[in-house]
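In: Structure for this input, please:
(one chain, ligands or ions: 2)
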Amino acid sequence: MKLSANLGFLWADRPLPDAINAAKAAGYDAVECHWPYDTPASETLAALRETDLTMLGLNTPRGNVEIGENGLAALPGREAEARAAIDEALAYARATVTGAVHVMAGNCSGPRARTAFVENLGYACKEAARDGITILIEPLNHYNAPGYFLNSTGQAADIIREIGQANLRIMFDCYHVQIMEGEVSRRLENLLPLVGHIQIASVPDRGVPDHGELDYGYLLPRIAAMGWERPIGVEYLPAGSAETEISWMARYR
Ligand SMILES: O=C(O)C(=O)[C@H](O)CO
Ligand SMILES: [Mg+2]
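Out: Ligands and ions are numbered 1, 2, ... in the order given. Here you go, the predicted structure:
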């Protein structure tokens, strides 16, 4: 089982190149991040080359976070900003040889939001396809992301099927799926052809994935048995330092 350190949460207090080095030292096989834009892409790329780690994914900018914006792609009337955010994320991904961009929908609902999301995703897929980049959409739970447009795997699957682009996939975050829908292993197995990335954390506290209501001792071998070979994103909120918490990893190797 290969694991990817999500540097949006792990070593998030360090500059991104230092966090990449910390992930390498801790034994992770890959990294992924949330919003790397304060770090010049050249510095991120240098750290990736030095550690021989791949950046699996990054998120589009969220808009005005001070007023609670959490993405722009499903906001009717904000198409120009949404596409600028997609362009910025794709440029950073190209410059750092990152394989996927998570297009964040934002806080909205209703048919006009869905239309905006579908059209902006169509744009993102076409722009990304030129460089072999995958576009991800992630259903988020309504405690961490109240009002977020995308909150179920069924909704994500419908949108992916409607757009019909081969590089559009679900970011299946077991933490969010368990909170919103349950039946994580069956749901993942059914959706597997549409899944581009998998993430894990304990539920409900979003801690180290070795306790709580989801049994990763069962789930991770089950995911491997489904034929999943890519690194799984470890996206938990460290209670202390991520270094002192890595002993859980040994169990899943
Ligand atoms: O919150 C999550 O689970 C994510 O993976 C996103 O990238 C949004 O922060
Ligand atoms: Mg996630």
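
In: Every contact and neighbour count from this point should use C-alpha atoms.
Out: OK.

In: For Leu3, grab phi and psi.
Out: Main-chain dihedrals, Leu3, degrees, to the nearest 10: phi -130, psi 140.

In: Quick check: the gap between it and Ile223.
Out: 13 Å (C-alpha to C-alpha, to the nearest Å).

In: One more: Gly8?
Out: Gly8 is 24 Å from Ile223, by C-alpha to C-alpha.

In: My reading is that Glu229 lies in a helix. Confirm?
Out: No - looking at Glu229 with DSSP: H, G, I helix; E, B strand; the rest coil, it is coil, so not inside a helix.

In: Just name the shakiest helix or strand of the chain by mean pLDDT.
Out: helix 247-252 (a mean of 77; mean pLDDT, DSSP states H and E).

In: and that one, which residues are buried?
Out: Buried residues in helix 247-252, counted by 16 or more other C-alpha atoms under 10 Å: Met249.

In: tell me what it is packed against?
Out: helix 216-225 (3 or more C-alpha pairs under 8 Å, 6 or more residues apart in numbering; DSSP states H and E).

In: Just give the number of residues close to Ala100.
Out: Ala100 has 28 neighbours, counted by other C-alpha atoms under 10 Å.

In: okay, it: pLDDT?
Out: On the pLDDT scale, Ala100 is placed at 99.

In: got it, and Ser241?
Out: pLDDT, read off for Ser241, is 72.

In: And the one 5 residues further on, by the same measure?
Out: As summarised for this prediction, Ile246 has a pLDDT of 75.

In: Over to Arg253?
Out: 68.

In: Skipping adjacent residues, who's closest to Gly122 in space?
Out: Distances taken as C-alpha to C-alpha, 6 or more residues apart in numbering place Ile163 nearest to Gly122, at 6.5 Å, with adjacent residues excluded.

In: got a list of what the one you found touches?
Out: Ile163 sits next to Val118, Leu121, Gly122 when contact means C-alpha atoms under 8 Å, 6 or more residues apart in numbering.

In: With Val97 instead?
Out: So Val97 contacts Leu45, Thr54, Met55 (C-alpha under 8 Å, 6+ apart).

In: Distance-wise, check it relative to Ala41.
Out: Val97 is 10 Å from Ala41, by C-alpha to C-alpha.

In: Over to Pro221?
Out: 35 Å.

In: ok, those two, which is more surrounded?
Out: Looking at Pro221 and Ala41 with other C-alpha under 10 Å, you find the greater number of neighbours at Ala41, namely 18 against 15.

In: mind checking pLDDT for that one?
Out: Looking at Ala41, the pLDDT reads 98.

In: Where does pLDDT dip in the protein?
Out: Where the chain drops to pLDDT under 70, the residues are 242-245, 253.

In: Run through the helices of it in chain order.
Out: Secondary structure of the chain (DSSP state H): helices at 16-26, 41-51, 79-95, 111-129, 153-163, 174-180, 184-191, 216-225, 247-252.
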